[in-house]
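**Q** Below are the sequence and a predicted model for it; my questions follow.
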Amino acid sequence: MVITNGIVVTADTGSRVITPGAVAIDGADIVAVDGVEAIRRQFRGRETIDAGGQVVMPGLVNTHTHAPMVLFRGLADDLALEEWLTKYIFPAEAKTVSPEFVRAGTRLAALEMIESGTTTFADMYYFEEEIAKETKAAGLRGVLGETIIQFPVADAKTPAEGLARAESFINAFRNDPLITPAVAPHAIYTNDGATLKAARALSLKYGVPTLIHMAETQSEAMTARERGSPTVVAYLESLGFLGPGVVAAHAVWVNDSDMALLKSRGVGVSHNPESNMKLASGIAPVKAYLAANVAVGLGTDGAASNNDLDMFEAMRAASFLQKVATSDPTAVSAKTAVQMATIGGARALGMERQIGSLEPGKRADLIIVGMGAARQTPMYDPVSHLVYVTRGDDVQTTIVNGKVLMRNRKVQTLDRAAVVREAKTWAAKVSAAVGR
């Protein structure tokens, strides 16, 4: 396949923008990124996509989600995290979550992500093997973590059972071209030290990522102090938990020593600005993380707390939030926001050699973004437009591993009407279960 005549935003080490540019794809791999004439001289595609007037860029990398929770979208809003979780979400999950619920929710989330340009997502939920099957069927790439939690949940009554499920999940999807299995101990406030150690040990045994909520709220920081550590990061360090492959969602309540520790241990950070703002959890020190060269990507969090999976909104929110928090209009520039949503996210997940930028040898995960809307006119700087103007529904075409998942706004791998219809059926069941 050759995608030609576009504005190619590479997100490579030089942050090159090639206009007009082209990308040549052979199977699942990018083989060349160059000007239109250079690609034309070297390659002839069995299929050619004309991206004239549109931006061609790496697929977006969402570093923290709970995909099936799209079925709880708008169920409980305008609450602090602890109240939101304990009074609304955990009870709703106890009454509704099942393999069937997870499959329906994942299909809806996959549809939303394909339509808004996300090509890779990191997930933490229950029945993760069902999420993996639906993710593969939709054609998306996923780093998928089986949740480990101290109290009985839908797929495991004990942490030991959750760990056993995680191990089975890892063995089922190791070396899969699209699925990277992971272990996902929920947080320090929902797991004791022994369980956290066991979860990390399982990750290390198989060489897979560890996904965890880390230092999201002041209440969580208090839990760490009650366990004898000054901060959440220090507590996890005392357990021997931190290291390469750990992806920390949120990492809001940290100090300079914590940031230095995260950097030295090779921990990736997922910044979730919209969720943090909506739940009033706090403002992550992203400007400082970037200055310290910590691997920071962007996430939406679950759609129950965001309330959508649009990574373009996450880019804009990340940029605006850091500017106002630091009184620095240069903080998280448009260029930096795009990097965080692409190569930065890949780096946070330990996948920067495979995805995150348009470069020869990487997987062919890319999107084509329309720039013809009235609000996008005129366009002087395409990178600025991607962050400050563009929305997820401006994405026209989504490609993962060289396969077209959406072409000209029509999703190829999912029956859109059936997915939405099924989601509405589940919404009625959720309403009945929780008395809404």
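**A** Yep, that arrived. Predicted, not measured: the structure shown is a model, and the values here were computed from it.
**Q** And stretch 228-246, end to end?
**A** 22 Å (C-alpha to C-alpha, to the nearest Å).
**Q** list the contacts for the spatially most central residue of the chain?
**A** By C-alpha atoms, centre = their mean, the chain has its centre lying nearest to N62, at 1.8 Å. Residues counted as contacts of N62 (C-beta atoms under 8 Å, 6 or more residues apart in numbering) are 113, 118, 120-122, 298-300, 309, 311, 314, 345. No exception for glycine: its C-beta is placed from N, CA and C like everyone else's.
**Q** likewise R227?
**A** R227 is in contact with 188, 193, 235, counting by C-beta under 8 Å, 6+ apart.
**Q** What would the helix or strand M57 falls within look like as PDB? C-alpha coordinates only.
**A** Taking DSSP states H and E as the definition, M57 sits inside strand 55-58. C-alpha atoms of strand 55-58 as PDB (Å, rounded to 0.1, in the frame of the first residue of the first chain):
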ATOM      1  CA  VAL A  55      -2.600  14.800   7.700                       C
ATOM      2  CA  VAL A  56      -1.000  11.400   7.700                       C
ATOM      3  CA  MET A  57       0.400  10.600  11.200                       C
ATOM      4  CA  PRO A  58       1.100   7.700  13.600                       C
END
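**Q** Using PDB, write down the CA coordinates of the very next helix or strand once past it.
**A** Once the chain leaves strand 55-58, the next helix or strand it forms, by DSSP H and E, is strand 60-65. Taking Å, rounded to 0.1, in the frame of the first residue of the first chain, the C-alpha atoms of strand 60-65 are listed here in PDB:
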ATOM      1  CA  LEU A  60      -2.600   7.400  18.600                       C
ATOM      2  CA  VAL A  61      -1.500   5.500  21.700                       C
ATOM      3  CA  ASN A  62      -3.900   5.500  24.600                       C
ATOM      4  CA  THR A  63      -1.800   4.500  27.600                       C
ATOM      5  CA  HIS A  64      -4.600   3.900  30.100                       C
ATOM      6  CA  THR A  65      -8.200   2.700  29.600                       C
END
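**Q** in its sheet, what does strand 60-65 sit against?
**A** Paired neighbours of strand 60-65 in the sheet (DSSP bridges): strand 118-125 (parallel).
**Q** what about the partner strand, average pLDDT?
**A** Average pLDDT, strand 118-125: 98.
**Q** Next secondary structure after that strand?
**A** Where DSSP H and E defines the elements, the next helix or strand beyond strand 118-125 is helix 128-138.
**Q** in that following helix, what's buried?
**A** 128-136, 138 (16 or more other C-beta atoms under 10 Å).
**Q** Give me the distance from the lowest-mean-pLDDT helix or strand in the chain to the chain's centre.
**A** The weakest-scoring helix or strand in the chain, judged by mean pLDDT, DSSP states H and E, is helix 81-83 (a mean of 88). The chain centroid and the centroid of helix 81-83 are separated by 22 Å under C-alpha atoms, centre = their mean, to the nearest Å.
**Q** List of residues touching the next helix or strand after it?
**A** For helix 81-83, the following helix or strand on the C-terminal side (DSSP H and E) is helix 90-96. Helix 90-96 has contacts (C-beta under 8 Å, 6+ apart) with 71-72, 75, 126, 153-154, 426, 429-430, 433-434.
**Q** Out of the residues you listed, which sit inside helices?
**A** In this view, the contacts of helix 90-96 that belong to helices under DSSP state H are 426, 429-430, 433-434.
**Q** May I ask which helix or strand encompasses Y380?
**A** Using DSSP H and E, no helix or strand contains Y380.
**Q** going forward, begin numbering at 355 instead of 1
**A** All right, first residue 355 from here; so that's Y734.
**Q** Can you get me a residue count around it?
**A** The tally of other residues near Y734 (other C-beta atoms under 10 Å) stands at 6.
**Q** same deal with V692?
**A** Residues within reach of V692, counting by other C-beta under 10 Å, total 26.
**Q** just Y643 next, same as before
**A** For Y643, using other C-beta under 10 Å, the count is 20.
**Q** Give me the distance between it and A649.
**A** According to C-beta to C-beta, to the nearest Å, Y643 and A649 sit 9 Å apart.
**Q** Identify the residue spatially nearest to E483, adjacent ones excluded.
**A** Excluding the flanking residues, the one nearest E483 by C-beta to C-beta, 6 or more residues apart in numbering is F523, at 5.2 Å.
**Q** picking that back up, just the contacts of R581: which are in strands?
**A** Residues of the contacts of R581 located in strands (DSSP state E): none.
**Q** Buried ones among these?
**A** For these, buried by 16+ other C-beta under 10 Å: 542, 589.
**Q** Could you provide the contacts of R581 in JSON lines, with additional columns for pLDDT?
**A** Shown next, in JSON lines, are the contacts of R581 (pLDDT from 0 to 100):
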{"residue": "I542", "pLDDT": "98"}
{"residue": "G547", "pLDDT": "98"}
{"residue": "Y589", "pLDDT": "98"}
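**Q** Which members of the contacts of R581 are positioned in helices?
**A** Taking DSSP H as the definition of helices, these contribute 547, 589.
**Q** Dump the contacts of R581 to a markdown table, plus distance to V758.
**A** A markdown table is the format used below for these (distance: C-beta to C-beta, whole Å):
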| residue | distance to V758 |
| --- | --- |
| I542 | 42 |
| G547 | 47 |
| Y589 | 46 |
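**Q** Show me which of the contacts of R581 is closest to G726.
**A** Closest to G726 out of these is I542 (47.7 Å), distances taken as C-beta to C-beta.
**Q** Could you pull up the contacting residues of that closest one?
**A** Per C-beta under 8 Å, 6+ apart, neighbours of I542: 550, 568, 574, 577-578, 581, 586, 589-590.
**Q** cool, D530 as well?
**A** Residues counted as contacts of D530 (C-beta under 8 Å, 6+ apart) are 486, 490.
**Q** What distance do you get for it to V692?
**A** Separation of D530 from V692 (C-beta to C-beta): 28 Å.
**Q** Does anything pack onto the longest strand along the chain? Which helices or strands?
**A** In the chain, taking DSSP E as the definition, the longest strand is strand 371-380. When contacts are defined as 3 or more C-beta pairs under 8 Å, 6 or more residues apart in numbering; DSSP states H and E, strand 371-380 packs onto strand 356-363, strand 383-389, helix 390-396, helix 736-742.
**Q** Surely the residue nearest to E483 is in contact with E484?
**A** No - F523 lies out of contact with E484 (C-beta atoms under 8 Å); the separation is 10.1 Å.
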